[in-house]
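In: turn this into a structure:
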Amino acid sequence: MSLRAYTARCRLNKLRRAACRLFTSETMVKAIKRLEFEIETRRLLVRKDRHLWKDIGERQKVLNWLLSYNPLWLRIGLETIYGELIALESNSDIMGLAMFILSRLLWNPDIAAEYRHPTVPHLYRDGHEEALSKFTLKKLLLLVCFLDHAKQSRIIDHDPCLFCKDAEFKNSKDVLLAFSRDFLSGEGDLSRHLGFLGLPVSHVQTPLDEFDFAVTNLAVDLQCGIRLVRTMELLTKNWSLSKKLRVPAISRLQKMHNVDVALHVLKERGIQLKDECGASIESRDIVDRHRERTLALLWKIAFAFQVDVSLNVEQLEEEISFLKNTHNIKTKLATLVSCSNQSKVRKTSSTYSSESYSKNVKLLMDWVNAVCGFYNTKVENFTVSFSDGRVLCYLIHHYHPCYVPLEAVSQCTTQTVECTKTGTVALNSSSESDTSLNMLDGTFDQTITTSVLYKELLDNEKRNFQLINTAVSDLGGIPAMIHHSDMSNTIPDERVVITYLSFLCSRLLDLRKETRAARLIQSVWRKYRLNAELKLHQEKDKAARIIQSTVINFLSHRRIQKKVNAAIFIQKHWRRYLAERKTLKLKKAKLEETKSESAIVIQALFRGFKARQLAGKMRAARTIQAWFRRYRARKEYTAVVKATCVIQGYFKSKRQRTWFLKMKASTVTIQRRWRETLTARTILLQFLATKKQQAACLIQAAYRGFKERHKFHQQKAAALVIQKHIRARQEGRLECIKYIKTRKAAIKLQAFFRGWLVRKKILDQKQKKRLLCFSAAAYHHLSAIKIQRAFRIHLVLKHAQMQISSVLCIQRWFRARLQQQKSLQDHQKIIKIQRMVRRWLKQRNEAATTIQRAVRKFLFYKQRRKLKNGIIKFQALWRGYSWRKKNDTAKTKALRRSLEMANKESKEENKLCNRTAVAIDYLLKYKHISYILAALKHLEVVTRLSPLCCENMAQSGAIFTIFILIRNCNRSIPCMEVIKYSVQVLLNVSKYERTTQAVYEVENSVDTLLDLLQMYREKAGDKTSEKGGSIFTKTCCLLAILLKDSKRASDIRSTSRAASRIHSLYRLTARKHKMDAERTLSKHKMHTSVSGSFFVPVTPVRTKVVSRIKPDWVLRKDNMQEIVDPLQAIRMVMDTLGTAYH
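Out: Here you go, the predicted model:
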């Protein structure tokens, strides 16, 4: 069960307890006893001709009366009176309530069991109907009186209406009067009788109670002041404010009066009604829909009441004290475990300024810091400290870790990363950086790294707020007041944060009751563990001191023993030294004797040493020669390697230079095109300045024409609507006539069926009469037979008295046999049911296993695809990095740096999506031809380069506007420019398959294009020489693309007018082309006679090329370029349409 459902169940149980306390109060108990006495003494009696449990119509009437109550009130009333819970799907389960009323109020199983006939089913003894009537009367009167009393006592906090808005009754007295009028015997005013018994009813549901207090528009819904007064009632619990309202609030004075009632309550509580600018908030501001002051008033109300109403001060102070004690115990325990006597517990002190806050807001901040102390985080204010979402995640995790796991909270945010004095993010850079990157400008590298990291930090904060919103939706009871765009990367509104915290604190403390027992156990366990750890620490300290004293004594004794051993060692070595000195003197005397012999030996050894030295020099010379030869060979090899590297370097530099020259040429071309564009814009502005007056006249004329056409279209649409309604009415009449005929036939069938039933009943009665006569005649015969049988039985009984025991045994055996057969049948049925249930469970388990296997397979493939993409991306990055490290040159780096600077200096408005939005906005709003032409140029670029821009344009309705522009243009040069770019835009959009249908679905699109071809057929020449020729060929291409679909082509072929116009255009173009060809041929013949050369005319070939016309962003070799020949263009239309040339 979710926490939202659990909270709803707790509130419903709380409401049930309040209703039970009200029902078992002393006053109600005495009144109920008097009512029961009145019913038992038959002073309140149901009429004998009214059968509540037999008559279906009467049962339905009573059921409808009871269902007039609000389902929530009705459920509480029934559960309180019957003392049991009603199993319903929700509080608005009308069907469940109706079944309970029919089975438990208008019927009683206990009374039925008491009066049931012993042998005949569905037959009851005398007194059953009277007992059931008393039971129903008592329960129904108790239900009505209790619901009225509960409504007067306001046991439901939001106090909903007692009766439904569409109910037949609006007060309890009417219900009692209707019941007494139709069902009670000799009773006039039942409410008065019940009042004497102590059960008065006085609730009347007014239109104000049925008023819809929901707010959808702050300016409009709060204008009347009724919702503001209702808000004050709920916040102050002063239910007399509604009596001061003027409902309905129609006039301005009535609305101001209602608003003044709410403002007077605020002033009495000492709230300053001023906005942020210091201006007073008055009733006329709310009535006049002043949005800023209305919002300021709502913030005043929320800030003054919401924190005080939603927070329980005593509960909050208790929670803060509990959190601080828990944190201290946890800190001491961690200190003992981690660092014994070295570390000390740090006490966090809040440094936020609390002078301007109320007591409850200060307690709210203390609660936040008490919770965040468990996460080593300190909150200083209600603004920036909450901008990254970590504090809110900590609050929810502390109470409900399952909704916000700590590992899911992003700790790296803009609040946790330091910023340098220049405002950029300071990161710890690695000492072993890439050498190629070090050669770049340091400032540029820092900017790129900072922007990427800053974006990552903002993404982390966004994930934190998404985690918060998900957890809050699961908790329930907390409004969605915050969004990451309003909190992250900015200073949040303090009022929003405090209000949201009050809701969150109230919700968490309400749900704390269920976890408080576990937390108390944990606290007691921590205290016990702390005491045990302290005791153990003291014992360890005492033991350590004993061990230290023992070790110190042992070490001192050992040190003295070492000194004694050292003195003995010194004495021993001194005596040995004296002995060795004496021995040396004796050896010196002996050495002088052997000196002469030693000289001879030394001379011989010296001669051998000289010989060995000469041999060593020879070996060294040979070694030096070998090393020199190896050095010379190595030097030659190194020279060859260097030459090879130089050759490779020259080859690679040549290849890089070729690529660089290509890039430079492309850059120069782009710059030249841009300068040409700027020059064209300047010339266009000069031209527009000279033609301003003429353009204004043209625009006015176009606008008047547009207005007239728009008016005509509206009239046409209105006529179509009227025609539709007339046809619908005619069809409705026909359906009504058909229904009447069907109804008559059904009534006739029902009449025949009822007649058959009556005839059958009469025949059955006749048969019963005949059977009764026969039975009367046979009765006497049977009586005689019975007498005879009784006499014979008497004789047989006398004879069988001796054999009675055997008869009893036979009967017992026979009954046991029957019981055994019945039990075997029941056992087989149970086995069959169990087998079916097991088969169903097995199928469900197999289905679940299949689903789980498919889900695991899908997740595995998804994870593997993600890993594969990551590896491919890493490989691409590494290859790029390796290539740059090996092949980067100074020119390449300079070119890259210039491109990066160009990207950095690029503006946001130059993006294709922004250009599309601005161009569409200009096209839809402005009527000046210069703005329209500029917008069309931008749309031509974006639709040529981006499919997404084509889709946005199709959704915005700009295509319809472009067709209107084409229809309103004439054959002037500016209008030809507009038509040329309009047709090009439509051509770009129609090339994209997803937006082709949007171009075709515009009203009269094909007729407009045919009119355009008809207008510019005379100038169907080369597009570079005449604008009309470009318009003609582009329009043909557009028409061919639209007719590429077989369904659209068949629609055009079925329209004879359009097909004939296309044939006529083809004939005119073919004749003009033939004349031009003959003229060209005659010129070339004349030139041939003079120069002696010859000319072979080219015969046009009929080909279908429309299938190869693709958008410009599709990079294919066979992509069809623009057609400039008018005859080829019109033939392409004919080929696409599928018609013959002649």
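
In: just the strands in the stretch 851-1000 of the chain please.
Out: Along the stretch 851-1000 of the chain, no stretch is classed among the strands by DSSP state E, counting those that start in this stretch.

In: likewise the chain?
Out: Assigned by DSSP state E, the chain shows no strands.

In: OK, contacts around the most centrally placed residue in it?
Out: For the chain, Thr470 is the residue whose C-alpha lies nearest the centre (Cα atoms, centre = their mean; 8.7 Å). Thr470 sits next to Tyr403 when contact means Cβ atoms under 8 Å, 6 or more residues apart in numbering. Heads up, the C-betas are built off the backbone N, CA and C, glycines and all.

In: likewise Arg743?
Out: No contacts exist for Arg743 under Cβ under 8 Å, 6+ apart.

In: same thing with Leu457?
Out: By Cβ under 8 Å, 6+ apart, the contact list for Leu457 reads Cys412, Thr413, Thr414, Val417, Val425.

In: format these as TSV; extra columns: pLDDT and neighbour count.
Out: As requested, the contacts of Leu457 are exported to TSV (pLDDT from 0 to 100; neighbours: other Cβ atoms under 10 Å):
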residue	pLDDT	neighbour count
Cys412	87	13
Thr413	87	21
Thr414	84	18
Val417	75	14
Val425	46	18
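
In: let me know the closest of those residues to Leu199.
Out: Leu199 lies nearest to Thr413 out of those, by Cβ to Cβ, at 63.9 Å.

In: the closest residue to that closest one other than its chain neighbours and Val472: what is the separation?
Out: Using Cβ to Cβ, 6 or more residues apart in numbering and skipping residues adjacent in sequence, the residue nearest Thr413 is Asp388, 3.7 Å away. Counting by Cβ to Cβ, to the nearest Å, the separation of Asp388 from Val472 is 17 Å.

In: and Asn565, by the same measure?
Out: From Asn565 to Val472 the distance is 79 Å (Cβ to Cβ).

In: do Lys540 as well
Out: On the measure of Cβ to Cβ, Lys540 and Val472 end up 48 Å apart.

In: quick one: which of these two has more around it?
Out: Between Lys540 and Val472, counted using other Cβ atoms under 10 Å, Val472 has the larger neighbour count: 23 against 11.

In: okay, now the closest residue to the more buried one other than its chain neighbours: neighbour count?
Out: With sequence-adjacent residues excluded and distances taken as Cβ to Cβ, 6+ apart, Val472 is closest to Ile478, at 4.7 Å. Neighbourhood size, Ile478 [other Cβ under 10 Å]: 20.

In: use 742 as the first number from now on
Out: Right, with 742 as the first residue, what we last looked at is Ile1219.

In: hmm, Ile1219 is touching Arg1248, no?
Out: Yes: taking contacts as Cβ atoms under 8 Å, Ile1219 lies within contact range of Arg1248: 5.3 Å.

In: before we move on, back to that, ok, the residue nearest to Val1213 - contacts?
Out: Val1213, Tyr1241, Phe1244, Leu1245, Arg1248.

In: how close does it get to Ala1362?
Out: For Ile1219 relative to Ala1362 (Cβ to Cβ), the value is 97 Å.

In: and what of Tyr1318?
Out: Separation of Tyr1318 from Ala1362 (Cβ to Cβ): 52 Å.

In: swap in Arg1445?
Out: 116 Å.

In: same question, Pro850
Out: 130 Å.

In: one more: Asp930?
Out: 147 Å.

In: can I see the domain layout of this structure?
Out: Listed domain ranges for the chain are 745-951, 953-1050, 1648-1878 (source: the TED database).

In: the first one: end-to-end distance?
Out: The first and last residues of domain 745-951 sit 27 Å apart, counting by Cα to Cα, to the nearest Å.

In: next, count neighbours for Ile842.
Out: 21.

In: would you agree it is in contact with Leu804?
Out: Yes: at 5.8 Å, Ile842 counts as touching Leu804 under the criterion of Cβ under 8 Å.

In: what about Ala1284, neighbour count?
Out: Quick note: Ala1284 (other Cβ under 10 Å) scores 10 neighbours.

In: next one: Leu963
Out: Leu963 has 22 neighbours, counted by other Cβ under 10 Å.

In: next, the contact list for it, please.
Out: Counting by Cβ under 8 Å, 6+ apart, Leu963 touches Val956, Leu969, Ile1027, Thr1035.

In: redo that, cut-off 10 Å
Out: Val956, Leu969, Thr972, Lys996, Val1000, Ala1003, Ile1027, Val1028, Arg1030, Thr1035, Leu1038, Leu1039 (Cβ atoms under 10 Å, 6 or more residues apart in numbering).

In: how about low-confidence regions in the stretch 1692-1841 of the chain?
Out: Residue ranges of the stretch 1692-1841 of the chain with pLDDT under 70: 1759-1770, 1828-1841.

In: what does the model give Phe764 for pLDDT?
Out: Looking at Phe764, its pLDDT stands at 90.

In: ignore the last one, Gly1114
Out: With respect to pLDDT, Gly1114 has a value of 89.

In: name the nearest residue to it, sequence neighbours excluded.
Out: Sequence neighbours aside, His1068 is the residue nearest to Gly1114 in space, at 5.0 Å (criterion: Cβ to Cβ, 6+ apart).

In: mind listing the helices for the stretch 1592-1741 of the chain?
Out: In the stretch 1592-1741 of the chain, the helices defined using DSSP state H, counting those that start in this stretch lie at 1631-1646, 1653-1666, 1670-1686, 1688-1697, 1699-1709, 1714-1732, 1734-1741.
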